[in-house]
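> sequence and computational prediction follow.
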There are 2 protein chains.
Amino acid sequence: MDTSDKRSVRVRNLSALLTAVHRTGGASRAALTLATTLNRSTVGALVGELAELGLVVETQPAESGGVGRPSPVVVPADGLVVAALVPEADAVTVALVGLGGRILARRRIARDAPPRAEELPALAAATLDDLRREAGGPRILTLGVAVPGLVRASDGLVRLAPHLGWRDAPLGSMLEKACDVPVLLANDATLGAIAESVFGAARGHADAVYLNGGSSGIGGGILAGGVPLTGSAGYAGEFGHTHVADDDKRDAAGVPGTLESEVTRESLLRVLGLGAVDADALEAALVASADPVVLAEVDRQLDYVATTVGTVVNILNPQVLVLGGFLAALDAARPGRLTGLLRDRAMAVPLEALEVRRAELGSDLLVIGAAELALGPILAEPNAVAGRDALRAGRLRR
Amino acid sequence: MDTSDKRSVRVRNLSALLTAVHRTGGASRAALTLATTLNRSTVGALVGELAELGLVVETQPAESGGVGRPSPVVVPADGLVVAALVPEADAVTVALVGLGGRILARRRIARDAPPRAEELPALAAATLDDLRREAGGPRILTLGVAVPGLVRASDGLVRLAPHLGWRDAPLGSMLEKACDVPVLLANDATLGAIAESVFGAARGHADAVYLNGGSSGIGGGILAGGVPLTGSAGYAGEFGHTHVADDDKRDAAGVPGTLESEVTRESLLRVLGLGAVDADALEAALVASADPVVLAEVDRQLDYVATTVGTVVNILNPQVLVLGGFLAALDAARPGRLTGLLRDRAMAVPLEALEVRRAELGSDLLVIGAAELALGPILAEPNAVAGRDALRAGRLRR
DNA sequence: CTGATATGTTGCAGACGCAAACAATCCCTC
DNA sequence: GAGGGATTGTTTGCGTCTGCAACATATCAG
């Protein structure tokens, strides 16, 4: 039951206000008053409390824009930040991110082999110390981790991360011990969806689906009613394993005829005759190519993508579909083809309002996503920043 | 921004309390205090207000169960009800439902041809008058309609109801004029999902998927985080049109190789050699049959069902999958087969905790679902019962 | 009949947001 | 450049709501 005593009112209003500051990156008190529909005096008091907590600072009014008394601008403070950790098969990225989504410091540590879960805590702790010094010694409130695999929402256990070779890795508790901050973990594609919805292509849309193609496979995330859809245990969004063809090709999870077994980055690189290149180079090559073999492969893959997207449209009726990674490149190589195919794969009515867009956040995506995860408890309860134990409670849940 | 002035606290607490009374069907004040985590005195005041509004009545304490002062039992009042309207291809059902989900009066009007949208308002108004007399003249607060088709959430326009032959029917506004109550409309399978989640097989689970097989096709509904997932325009849950096979059989929506084109009630009736029978008879015949042709057809259909369910598990990670209509019969005819097939169609990890159940509400399903829709605004804002215009606002949205 | 237990009831205090009155600051116009 | 209008911050008082604590009430166990 969603009851509320009187104290929760303050918490909710602080949360709404801080969220507004975070999402806009800073706004005048007058604008915040408008955005929250609260009273001037109330906003004044709330901003005062947030400032006292060290979460925001009030700066001089911007250059005068109109008539009337200038309104001080409320911007995120620098002294409190969250950390982001993104372990991938070929690199580990660590970053410090402030409110407003500003990346204050980041370091990408290239790796020959996938990082083992056991070595991450020490690596993360040392790197965070460095970054903290670089950034002028802010206090790190929480640490968010974008895991390329299945993360159990209840306790943050990494059940399976095929491309890292992890199984049932208690990364969260190990990191908490090593870094001495509350740690939150979630699936990387789910966090990508959140990042794109807060700062990227799905900004302002309550119902969006993010579909990402990476070297490790295809994943995604769902926003339903403005809230990330996690599923009962946190495993939602595995679009790569939807059925698209009646064949026996099996994907990494052993499921036959799935999107991920038919649509791969490797096939594209092969027909292009390319080796290991980054996302931009792959897209440039795809767009430039007139080779019929390449076109055929692009069209073949787009056909399967359309099948999955059709299913997504029928089931979830999103307003925005955001394509990331090489899926965006596929769409760019054959403009309009995907949306054309969809007319035969999805019901006409839910297709009417669908917008297909490409991801906007590029290489910042997962850092922003992990930071967004880490910011969750702070935005939800700005009051509780003092006692960090209070932040340890919920992981990605609603 | 989800801010809240002080008055909304009262509203939220009243809502939580009334929702608890509704879902339990009646509870002692002590139990409500426990359920809401509110204070004894607060619950007392809130119950008093709900009683004054005519929504609940306090009855004598139940036969003494333990030590201590007996706690009066709070039960839904009879004087305020909602109406449910369920138009189907072969019948129109009208009912009055009280808080607590009790059906006070119902009438099923059999039809030879599907009802036209234009004739429904008069029919509904007349039948409601009759039922109201039968039930002792309660006040009807709202009317909920379970539409077998796509309903635009923003204004309740029926975009498409193939089995009724409707397209862009403004049923909501017509009904409001004829019946003089706020009208809320939603897709029937979505409402079935809600009904099963409140009073049926998915009770107590926040993440559930309902999959229904009817004579008109396959539909469903999603509960994510305890909230019905509507999608951006209200069209979510069309599982019948997910891709399951690489063939050209097209379903009613013109999409080829979908669940609905492969899995049909008619095929089952055909192999069984049956004519028009009800759900129970179909299931009995399926379970009893040892005909290899029947078994083969059942297995063929279950195979396709497994493909869609696998996709659902991968994408949504529900904890409970509720099967309704002839899909429940298919599962009953071959116990364990569906769950066995799933091991090859879904990822192992999200499959771990999945429970497959059958729907429990039977023929009451859509009446309860429509009533639940109609009760939504009342449960959300018990305060506003007096001014019925306040109820007219939101349709199915969260 | 008495004590223990559980719960309703009452009065009071704390917290909170809102409204209104007042002050500050900027733009615009004459 | 002085005054008016407009917008917004600030302060104060008030109403509402919930929690708490003390007291009252009703049942059970013996």
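Looks like it arrived, so ask away.
> what residue in chain A comes nearest to DNA strand D?
Relative to DNA strand D, the nearest point of chain A is A:Gly68 (2.3 Å; Cβ to the nearest atom of the strand). The way it works is simple: take the backbone N, C-alpha and C, and place the C-beta from them, glycine included.
> confidence score at that residue?
Note for A:Gly68: predicted pLDDT of 84.
> likewise the one 4 residues further on?
Per-residue confidence (pLDDT) for A:Pro72: 90.
> check contacts around it.
Neighbouring residues of A:Pro72 by Cβ atoms under 8 Å, 6 or more residues apart in numbering or on different chains: A:28-29, A:58-61.
> doesn't A:Ala105 fall inside a helix?
No. A:Ala105 is assigned strand when assessed by DSSP: H, G, I helix; E, B strand; the rest coil, not a helix.
> relative to helix B:292-316, how tilted is the longest helix seen in chain A?
When chain A is scanned for its longest helix (criterion: DSSP state H), the result is helix A:292-316. Counting by axes from the mean of the first three to the mean of the last three Cα atoms, to 10 degrees, helix A:292-316 points 90 degrees away from the direction of helix B:292-316.
> so is helix A:292-316 next to chain B?
Yes. Applying Cβ under 8 Å from any Cβ of the partner chain, one finds helix A:292-316 touching chain B at A:307, A:310-312, A:314-316.
> pretty sure A:Ser261 sits in a strand.
No. According to three-state DSSP, A:Ser261 belongs to no strand; its state is helix.
> so it makes contact with A:Ala253?
No. At 9.6 Å, A:Ser261 does not count as touching A:Ala253 under the criterion of Cβ atoms under 8 Å.
> so for these two, which residue has more residues nearby?
Per other Cβ atoms under 10 Å in any protein chain shown, whichever of A:Ser261 and A:Ala253 has more neighbours is A:Ser261, with 23 against 20.
> and the more buried one, how far from A:Asp344?
As judged by Cβ to Cβ, to the nearest Å, A:Ser261 and A:Asp344 stand 22 Å apart.
> please apply the same query to A:Val47.
Relative to A:Asp344, and taking Cβ to Cβ, A:Val47 is found at 53 Å.
> how is chain A partitioned into domains?
A:6-76, A:80-191+A:364-392, A:203-360 (automatic domain parsing).
> now check the second one, is it near DNA strand C?
Right, the one you point to is domain A:80-191+A:364-392. No. Domain A:80-191+A:364-392 stays clear of DNA strand C (Cβ under 7 Å from any atom of the strand), getting no nearer than 8.3 Å.
> swap in the first one?
Yes. Interface with DNA strand C: domain A:6-76 contributes A:6-7, A:9-10, A:13, A:38-42, A:45-46, A:61, A:64, A:66-70 (Cβ under 7 Å from any atom of the strand).
> distance between that domain and the chain's centre?
25 Å (Cα atoms, centre = their mean, to the nearest Å).
> the last one too?
Its chain's C-alpha centre and that of domain A:203-360 lie 17 Å apart, by Cα atoms, centre = their mean.
> for that domain, measure first residue to last.
End-to-end distance for domain A:203-360: 10 Å, by Cα to Cα, to the nearest Å.
> report the mean confidence score over it.
Domain A:203-360 comes out at a mean pLDDT of 95.
> just the second one next, same as before
Taken as a whole, domain A:80-191+A:364-392 carries a mean pLDDT of 94.
> can you map out the helices along the stretch 201-350 of chain A?
Assigned by DSSP state H, counting those that start in this stretch, the helices in the stretch 201-350 of chain A fall at A:259-262, A:265-272, A:279-288, A:292-316, A:326-333, A:337-342, A:348-351.
> just these: most buried one?
Mean neighbour count (mean count of other Cβ atoms under 10 Å in any protein chain shown) peaks for helix A:259-262 among the helices of the stretch 201-350 of chain A, with a mean of 25.
> that one and chain B in contact?
No. Helix A:259-262 does not reach chain B (Cβ under 8 Å from any Cβ); its nearest approach is 9.9 Å.
> now A:Gly44: closest residue in space that isn't a chain neighbour?
A:Arg29 (6.9 Å; Cβ to Cβ, 6 or more residues apart in numbering or on different chains).
> where's the one you found relative to A:Val147, distance?
Noted for A:Arg29: a distance of 39 Å to A:Val147, by Cβ to Cβ.
> swap in A:Arg69?
For A:Arg69, the distance to A:Val147 - Cβ to Cβ - is 49 Å.
> A:Ala333 now?
Distance from A:Ala333 to A:Val147, counting by Cβ to Cβ: 30 Å.
> for the residue lying closest to A:Val312 once chain neighbours are set aside, give me its contacts.
Residue nearest to A:Val312 in three dimensions, not counting chain neighbours: A:Val209, with 5.5 Å by Cβ to Cβ, 6+ apart. Listed by Cβ under 8 Å, 6+ apart, the contact set of A:Val209 reads A:193, A:220-223, A:312, A:316, A:318, A:320-322.
> kindly recompute the last result at 7 Å.
A:220, A:222, A:312, A:316, A:318, A:321 (Cβ atoms under 7 Å, 6 or more residues apart in numbering or on different chains).
> possible to save those as a markdown table with distance to A:Phe239?
A markdown table is the format used below for these (distance: Cβ to Cβ, whole Å):
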| residue | distance to A:Phe239 |
| --- | --- |
| A:Gly220 | 4 |
| A:Ile222 | 9 |
| A:Val312 | 7 |
| A:Leu316 | 10 |
| A:Pro318 | 12 |
| A:Leu321 | 11 |
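> nearest to B:Thr33 among these?
Relative to B:Thr33, the closest of the contacts of A:Val209 is A:Ile222; by Cβ to Cβ it sits at 36.8 Å.
> is it true that the closest one touches A:Tyr235?
No. Look at A:Ile222 against A:Tyr235 with Cβ atoms under 7 Å: they stay out of range, at 11.8 Å.
> of the contacts of A:Val209, closest to DNA strand C?
A:Ile222 (31.8 Å).
> which residue, other than its chain neighbours, is closest to the closest one?
That would be A:Leu229: by Cβ to Cβ, 6+ apart, it lies 4.0 Å from A:Ile222.
> how near is the nearest residue to A:Gly275 once chain neighbours are set aside to A:Asp299?
Spatial nearest neighbour of A:Gly275, excluding adjacent residues (Cβ to Cβ, 6+ apart): A:Leu269 at 7.1 Å. Relative to A:Asp299, A:Leu269 is positioned 17 Å away (Cβ to Cβ).
> then A:Gly79?
A:Gly79 is 53 Å from A:Asp299, by Cβ to Cβ.
> around chain B, which positions in the stretch 51-200 of chain A sit nearby?
Neighbours of chain B within the stretch 51-200 of chain A, by Cβ under 7 Å from any Cβ of the partner chain: A:150, A:159-160.
> may I ask which of these has the most neighbours?
When neighbours are counted by other Cβ under 10 Å, A:Leu150 leads these with 24 neighbours.
> who does it bridge with?
For A:Leu150, the beta-bridge partners are A:Leu160 (DSSP bridges).
> doesn't A:His163 make contact with it?
No. Using Cβ under 7 Å, A:Leu150 makes no contact with A:His163, being 11.9 Å away.
> if I pick A:Val181, what's in contact with it?
Per Cβ under 7 Å, 6+ apart, neighbours of A:Val181: A:140-143, A:388.
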